[in-house]
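Asker: how does the following fold in three dimensions:
(one chain, ligands or ions: 1)
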Amino acid sequence: DHRDLHSFPTRRSSDLIVLLGAPGSGKGTQAKKLMSERNISHISTGDMLRLAVSSGTKLGMQAKNIMETGQLVPDDIMAGIIRERLSEDDIKNDFVLDGFPRTENQALDLEKLLIEIKQPLDFAILMDVDSDVLLKRLTGRRTCSLTGKLLNIYFSPQLELDACLNAGGELLQREDDNEATISSRLNVYHDQTEPLIEFYCSRNLLKTLDADGEVQDIYTRLLATLGYV
Ligand code: AMP
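Answerer: Sure thing, here's the model as predicted:
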């Protein structure tokens, strides 16, 4: 009926994607590529929280300890963060959510929010990786202090690791990439986030991506999964 058409105008031709997957499954790496190569906004709640911690905001002070122990920041705080982020100017077209939602409550909050902004979710992509690969990705993960480039001491080409060091940079490790926190993050993923696979499957939005192998190969498969190539 006409009224319905008025209250829900035609959706914009844009893509909204959720990246789902364990810590270390490569969500951030792939989301950053989608941003640099396809101009798709990258929304990483982990990056936003790390920024809040390093700049010492109230949110940062609330989140610091929780993140250091690998637990989850409470859902009501996350709902506020994501609501604010989605109202910002750069969120006009496509965007990819990396690290949100992480609980069923967050997924329900997201659903409500997307109805409000009249932009339905297109896909939830499950980045599927074996657990032994996950561990190497997490324990080996480093960031170049100069360029912010994500690297891995086990998987990155030696040339790229050397390039950072030769330029006078340092290979920094994330605070929560230590063994104790990693195992707690994997448990939290299993208990609280994995149920979202079923959640998105039941809504016919889930696509599973083989996220093992080289970054570029995974990216090629991701583009195909999204229907971009
Ligand atoms: P990430 O960079 O996505 O691995 O996130 C790092 C940490 O930030 C997580 O271990 C959580 O402590 C916190 N965090 C990030 N996103 C969320 C979220 N959606 N809900 C709760 N906590 C989060």
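
Asker: identify the bridge partners of the residue nearest to the spatial centre of the chain.
Answerer: By Cα atoms, centre = their mean, the chain has its centre lying nearest to residue 98, at 1.6 Å. Beta bridges link residue 98 to residue 19, residue 44 when assigned by DSSP bridges.

Asker: show me what contacts it?
Answerer: 19, 27-28, 31, 42-46 (Cβ atoms under 8 Å, 6 or more residues apart in numbering). Using the backbone N, CA and C atoms, a C-beta is placed for each residue, glycine as well.

Asker: repeat that for 10 Å
Answerer: Contact analysis of residue 98 by Cβ atoms under 10 Å, 6 or more residues apart in numbering lists 17-21, 26-32, 34-35, 42-47, 127.

Asker: find the helix or strand that the nearest residue to residue 160 once chain neighbours are set aside is a member of.
Answerer: Counting by Cβ to Cβ, 6 or more residues apart in numbering, residue 160 lies nearest to residue 151, which is 6.1 Å off, once chain neighbours are set aside. If you go by DSSP states H and E, residue 151 is part of strand 150-152.

Asker: got the CA coordinates for the helix or strand that that strand is followed by in CSV?
Answerer: Downstream of strand 150-152, the first helix or strand assigned by DSSP H and E is helix 158-166. Taking only C-alpha atoms (Å, rounded to 0.1, in the frame of the first residue of the first chain), the coordinates of helix 158-166 have been written out as CSV:
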residue,chain,number,x,y,z
GLN,A,158,60.3,-11.3,4.5
LEU,A,159,60.7,-8.3,2.2
GLU,A,160,57.6,-6.6,3.7
LEU,A,161,58.8,-7.2,7.2
ASP,A,162,62.3,-5.9,6.4
ALA,A,163,60.8,-2.9,4.6
CYS,A,164,59.2,-1.8,7.9
LEU,A,165,62.4,-2.3,10.0
ASN,A,166,64.7,-0.8,7.4
